[in-house]
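Engineer: return a 3D structure for these sequence lines:
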Amino acid sequence: MNVNDFNMDFFSLKGKNAIVTGGNGGLGQAFCTALAKGGANVLVPSLADDDGSTKRLVEGCGVEYKFMEADITKDGECKRIVEACVETWGSIDILVNCAGISINVQDVTKYTRKEWDKMIAINLTAAFDMIHESCSYMIKQESGKVINIGSLFSFLGGQWSPAYAATKHGIVGLTKAMCDELGQWNIQVNAIAPGYYATPLTEMTRKDVKRNAEILSHIPANRWGFTADLMGATIFLSSRASDYVNGTVLTVDGGYLMR
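Structural biologist: Next up is the predicted model:
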């Protein structure tokens, strides 16, 4: 391919089929909406209540939406999810591993295996299982995009939740390992590491004057992120435009890590 072959259609996701775990709320909804605006059908497996808002956003883009109530930590569940996508639309082209939780315990000596095991299962093991089940189809079609969702705590320590930091570091390692394994079949595995975003989950932090000021002092953009700030990165890493981008972690943080 030479420079004259490139055109803006390389960013189109028309005809593609995507799975976004935990995609019906928070940052996940932005990933789903971005994929839909690009032209992809979207399947969302989640245990969270589906209030219909993601469905309206996705279908408003002229593509199809499917919700599955599913526990991705249960044996066989990830296989069931991927099979449902293939049976519904004929392929799995894009996987976004977004589902995750953070259990905080301020006293580290009281952080136990109960908290640790639950977070490892959802944040890391389920991501591996979803890739494992998806890649068999992607290998056959010799194409696919996997986007794992990391965090600033993929790079930092992080108090009160050692499991969260460990899983997000692990997501980066998983991204690099799977890139190395799957690149030979034209499958790109990358990660997005969001910074601090204005979502319902961060509302209390933003209302804490001292903590809010501390966070903003680290962000050259001088504001919290909007979920829409993640959409361009999502489309890029899901599209043909990123076919030679593999194993990277794209930080979308307003510059937080630079300070």
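
Engineer: can we go C-alpha only for contacts and neighbour counts from here?
Structural biologist: Fine.

Engineer: and the strands in the stretch 101-250 of the chain?
Structural biologist: 144-149, 187-194, 249-252 (DSSP state E, counting those that start in this stretch).

Engineer: starting from the shortest one, tell me which strands it pairs with and how they run.
Structural biologist: Using DSSP bridges, the strands paired with strand 249-252 in its sheet are strand 187-194 (parallel).

Engineer: now the angle between strand 144-149 and the partner strand, please.
Structural biologist: If you take axes from the mean of the first three to the mean of the last three CA atoms, to 10 degrees, strand 187-194 sits at 20 degrees to strand 144-149.

Engineer: can you offset everything so residue one is 12?
Structural biologist: Sure, I'll start counting at 12 from here, so that last one is strand 198-205.

Engineer: kindly export strand 198-205 (C-alpha atoms) in PDB.
Structural biologist: Listed next in PDB are the C-alpha coordinates belonging to strand 198-205 (Å, rounded to 0.1, in the frame of the first residue of the first chain):
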ATOM      1  CA  ILE A 198      -5.200  -9.500  14.600                       C
ATOM      2  CA  GLN A 199      -4.300  -6.300  16.400                       C
ATOM      3  CA  VAL A 200      -4.400  -6.200  20.300                       C
ATOM      4  CA  ASN A 201      -4.100  -2.800  21.900                       C
ATOM      5  CA  ALA A 202      -5.200  -1.100  25.000                       C
ATOM      6  CA  ILE A 203      -6.700   2.300  26.000                       C
ATOM      7  CA  ALA A 204      -5.700   3.700  29.400                       C
ATOM      8  CA  PRO A 205      -8.300   6.400  30.400                       C
END
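
Engineer: before we move on, back to that, for Ala232, which of the strands of the stretch 112-261 of the chain is the nearest?
Structural biologist: Distance to Ala232, taken as CA to CA, is lowest for strand 260-263 among the strands of the stretch 112-261 of the chain, at 11.2 Å.

Engineer: returning to that earlier point: TSV please, covering the strands of the stretch 112-261 of the chain and showing mean pLDDT and mean neighbour count.
Structural biologist: Listed next are those as TSV, based on pLDDT from 0 to 100; neighbours: other CA atoms under 10 Å:
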stretch	mean pLDDT	mean neighbour count
strand 155-160	98	26
strand 198-205	98	26
strand 260-263	98	19
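
Engineer: in TSV, list these along with distance to His143.
Structural biologist: Shown next, in TSV, are the strands of the stretch 112-261 of the chain (distance: least, CA to CA, whole Å):
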stretch	distance to His143
strand 155-160	11
strand 198-205	12
strand 260-263	20
